[in-house]
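# coordinates only, no sequence provided:
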């Protein structure tokens, strides 16, 4: 019997978010569901991340209905997966347990089987409540450790720090760091562990070492999630497969590559070479891929690359002999640990399939592509594009000052924005940190959790006005207003717990969305004038939030 490897398809969440600004509408999603029902992926990531915000903000659609319709369309064939930022859920500030419990309960009821839980600081304490409530409601807790790399400091940087009496750290984010985090999470009840590399920074050598160490030390399934931006993605997934990873994350061909995850079709071909069985129906995948080509054409205005992968039917097409040989060469190199040869082979495969080339800026600077894009846009707005290199040099300093947070959403954006602020301040004759974002202040203060490296108390005093690390106090949380809308028959803005959760998690966007929804309902049925709605006593979140009101 062939050894199995499980595949999580990311196309409907991470794939479209990475490539097309999360603009797939419900009708486009619905066209794909009959094929997904036949495909038989282990899991499908379909919700969380930017999906709930985007479907309200740009498509005027209900996020809960998006999830429930996918569940109805796919049925029990594949587990549905969502992404949750632990205690922060979707925003920056932590939420009280009542909101976390309400979100987890309703997500599982609406169709989520697996909740991928992460924290941008890898602060395990920020993940405890979500792990508990997901499992209490019958869901699977997929606990993610965010992959990142250490800042690069010059010898001069290290000498200056030594003279100041605060030596720079030698190495924080080694294999032992990630294994220790995984062991902590397993001890808290994690059902599986994901190494979450949203920037694509994990190189194949590290991928192999890390998967071997996790398989040796952590007794639950291990998943690798990575992206292709700097050119490592396909090689790193192959190294993980060679070293016994249980689950790999992929995207179907027409939505894959570049800033997205590796293509399922390429991973399937490697699985064939390794004698690994995925259990995925290839004809169904080919049908999905054909429909994705049409969807991608419809989303052309959001397509930043407009490089379409080579047409390839995984169920029927054979590789040209010279390309098949590249797959063999990559497998041999991965098994032997010949990393440069492996990268040459996998990148040649990606060129054959017409994927975007590796982003050398992201690879050399070791920062997420989205972080780099945001920094560049900020500089362009200030007409200071020529300071780009200075900003890249400033990122390690800002990151060190703020406790060396992993470069993952939202900390990557916080650090990137602050680095630009510092360089612009300096260019205008002001001191570093003259301009500080509220998010940077809160990061330094300790509001978002414990950073991997302690923040200098003197720096915290300078930035946040206190020397002491100050965690967020959820007792000061105030629930969002849920007003009566007299103009629409006296109904409440949020008519049930799920809509109340939208208000809590996306206040401004949900307010606009729900007002449009109430207006539409009233216009369609003006004869209905219900009494002002009161919370359903079955909706526990309403009652538990009352103590914070």
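Cool, got the structure. Please read these numbers as outputs of a predicted model, since none were measured by experiment.

# burial measure for residue 475, as a count.
Per other C-beta atoms under 10 Å, the neighbour tally for residue 475 reads 8. All C-beta atoms are positioned from the backbone trio N, CA, C, and that covers glycine.

# go on, the one 4 residues further on?
Other residues within reach of residue 479 by the criterion other C-beta under 10 Å amount to 19.

# try the one 10 residues further on
Counted with other C-beta under 10 Å, the burial measure for residue 489 works out to 18 neighbours.

# lowest average confidence across helices and strands of this structure, where is it?
Ranked by mean pLDDT, DSSP states H and E, the weakest helix or strand in the chain is helix 540-545, scoring a mean of 53.

# the helices in the stretch 51-200 of the chain, which residues?
Secondary structure of the stretch 51-200 of the chain (DSSP state H, counting those that start in this stretch): helices at 51-57, 63-74, 97-109, 128-136, 155-163, 175-187.

# how far off helix 175-187 does the fourth one point, in degrees?
Between the direction of helix 128-136 and that of helix 175-187, the angle (axes from the mean of the first three to the mean of the last three C-alpha atoms, to 10 degrees) works out to 50 degrees.

# show me how far helix 128-136 is from its chain's centre.
From the chain centre to the centre of helix 128-136 is a distance of 19 Å (C-alpha atoms, centre = their mean, to the nearest Å).

# same check, this time on stretch 180-200
Put simply, stretch 180-200 sits 14 Å off its chain's centre (C-alpha atoms, centre = their mean).

# for it, buried residues please.
Under the neighbour-count criterion of 16 or more other C-beta atoms under 10 Å, stretch 180-200 has 181-186, 188, 190-200 buried.

# still on that earlier bit, rank the helices of the stretch 51-200 of the chain by mean pLDDT and give me the bottom one.
Among those, helix 155-163 has the lowest mean pLDDT, at a mean of 77.

# ok, and what's touching that one?
Helix 155-163 is touched from outside by 153, 167, 168, 396, 397, with contacts defined as C-beta atoms under 8 Å, 6 or more residues apart in numbering.

# run through this structure and note the low-pLDDT ranges.
Within the chain, the ranges that satisfy pLDDT under 70 run 1, 528-549.

# the strands in the stretch 151-300 of the chain, which residues?
For the stretch 151-300 of the chain, strands defined by DSSP state E, counting those that start in this stretch occupy the ranges 192-196, 222-225, 247-250, 276-277.

# need these in CSV with distance to residue 139, can you?
As requested, the strands of the stretch 151-300 of the chain are exported to CSV (distance: least, C-beta to C-beta, whole Å):
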stretch, distance to residue 139
strand 192-196, 12
strand 222-225, 16
strand 247-250, 16
strand 276-277, 26
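
# ok, residue 422 - contacts?
Neighbours of residue 422 in contact, by C-beta under 8 Å, 6+ apart: 394, 398, 432, 433, 435.

# ok, now how distant is it from residue 453?
Using C-beta to C-beta, to the nearest Å, residue 422 is found at 19 Å from residue 453.

# picking up where we left off before, which one of the contacts of helix 155-163 is nearest to residue 412?
Nearest to residue 412 among these is residue 396, at 13.2 Å by C-beta to C-beta.

# tell me how far the closest one lies from residue 152.
Residue 396 sits 6 Å away from residue 152, going by C-beta to C-beta.

# neighbour-wise, which of the two wins?
Taking other C-beta under 10 Å, residue 396 and residue 152 do not tie; residue 396 has more neighbours (22 against 12).

# show me what contacts the more buried one?
Neighbouring residues of residue 396 by C-beta under 8 Å, 6+ apart: 151, 152, 153, 157.

# of those residues, buried ones?
Of these, these count as buried by 16+ other C-beta under 10 Å: 151, 153, 157.

# report how many residues lie close to residue 351.
Per other C-beta under 10 Å, the neighbour tally for residue 351 reads 11.

# excluding its backbone neighbours, what's nearest it?
residue 357 (7.6 Å; C-beta to C-beta, 6 or more residues apart in numbering).

# a helix runs through that neighbour, doesn't it?
No: counting by DSSP: H, G, I helix; E, B strand; the rest coil, residue 357 falls outside a helix, being coil.

# that one and residue 228 touch, don't they?
No: using C-beta atoms under 8 Å, residue 357 is not in contact with residue 228; the gap is 10.1 Å.

# neighbour-wise, which of the two wins?
It is residue 228, of residue 357 and residue 228, that has more neighbours when counted by other C-beta under 10 Å, with 29 against 11.

# list the contacts for that one?
By C-beta under 8 Å, 6+ apart, the residues touching residue 228 are 200, 234, 256-262, 350, 355-356, 358.

# dihedrals phi and psi, the closest residue to it other than its chain neighbours?
Distances taken as C-beta to C-beta, 6+ apart place residue 257 nearest to residue 228, at 5.1 Å, with adjacent residues excluded. The phi and psi values for residue 257, taken as degrees, to the nearest 10, are phi 80, psi 180.

# just list the residues touching residue 142, thanks.
81, 114, 115, 116, 117, 190, 191, 192, 193, 194, 223.

# same thing with residue 222?
Residues in contact with residue 222, defined by C-beta under 8 Å, 6+ apart, are 182, 192, 193, 194, 195, 211, 214, 215, 245, 246, 247.

# let's see it at 7 Å
By C-beta atoms under 7 Å, 6 or more residues apart in numbering, the contact set of residue 222 is 193, 211, 214, 215, 245, 246.

# how about residue 51?
Residues near residue 51 by C-beta under 7 Å, 6+ apart: 13, 22, 63, 66.

# the residue nearest to the last one when sequence neighbours are not counted and residue 448, how far apart?
It refers to residue 66. Using C-beta to C-beta, 6+ apart and skipping the chain neighbours, the partner closest in space to residue 66 is residue 55 (5.6 Å). Residue 55 sits 26 Å away from residue 448, going by C-beta to C-beta.

# list the buried residues for the helix or strand containing residue 441?
Here residue 441, judged by DSSP states H and E, is contained in helix 438-445. For helix 438-445, burial by neighbour count (16+ other C-beta under 10 Å) applies to 439, 440, 441, 442, 443, 444, 445.

# check stretch 496-514 too.
By neighbour count on 16+ other C-beta under 10 Å, the buried set for stretch 496-514 is 496-506, 509-511, 513-514.

# I appreciate the help and will end here.
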